[in-house]
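Colleague: sequence first, predicted model second:
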Amino acid sequence: MIVARLMNTSLIEIEERLDGQRIFSLNIFLAVQGVLQYGTVFMSIRHAKRFGLIEKRKLIDAKTQKIYKLMLVSFLLLMCGLFSSALVEY
């Protein structure tokens, strides 16, 4: 639900400013991947250098960056919870 909202608002703006093309805002499945990718770009300087977006990431305001970082951390925590519950079961 949150990814769909981000897909229609800030994801399009981020794609146009950082990449110059719209790939991740085409459908919901690519939007999830895009939110995770841009979350890593905003959170890690190393990943921003890897994608060639170290200078361009300053074009996005701090509030939007914080939302994408929060989405990345929540996804990682959910995946840790999912895999840890599988370990507890066995």
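Modeller: Structure received.

Colleague: can we go C-alpha only for contacts and neighbour counts from here?
Modeller: Fine.

Colleague: OK, contacts around residue 32?
Modeller: Counting by Cα atoms under 8 Å, 6 or more residues apart in numbering, residue 32 touches 3, 24.

Colleague: so it, which state does it fall into?
Modeller: Put simply, residue 32 is helix when judged by DSSP: H, G, I helix; E, B strand; the rest coil.

Colleague: looking at this structure, which helix or strand is least sure?
Modeller: Among the helical and strand segments of the chain, the one scoring lowest on mean pLDDT, DSSP states H and E is helix 2-8, with a mean of 79.

Colleague: ok, now how distant is residue 5 from residue 87?
Modeller: 33 Å (Cα to Cα, to the nearest Å).

Colleague: what stretches of this structure score poorly on pLDDT?
Modeller: 1, 89-90 (pLDDT under 70).

Colleague: which parts of the host helix or strand of residue 87 count as buried, going by neighbours?
Modeller: Counting by DSSP states H and E, the element that carries residue 87 is helix 62-89. Neighbour-count burial for helix 62-89, counted by 16 or more other Cα atoms under 10 Å, picks out 64-65, 67-69, 71-73.

Colleague: could I get those as CSV with distance to residue 17?
Modeller: What follows is the buried residues of helix 62-89, written out as CSV (distance: Cα to Cα, whole Å):
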residue, distance to residue 17
64, 13
65, 13
67, 17
68, 15
69, 18
71, 20
72, 20
73, 23
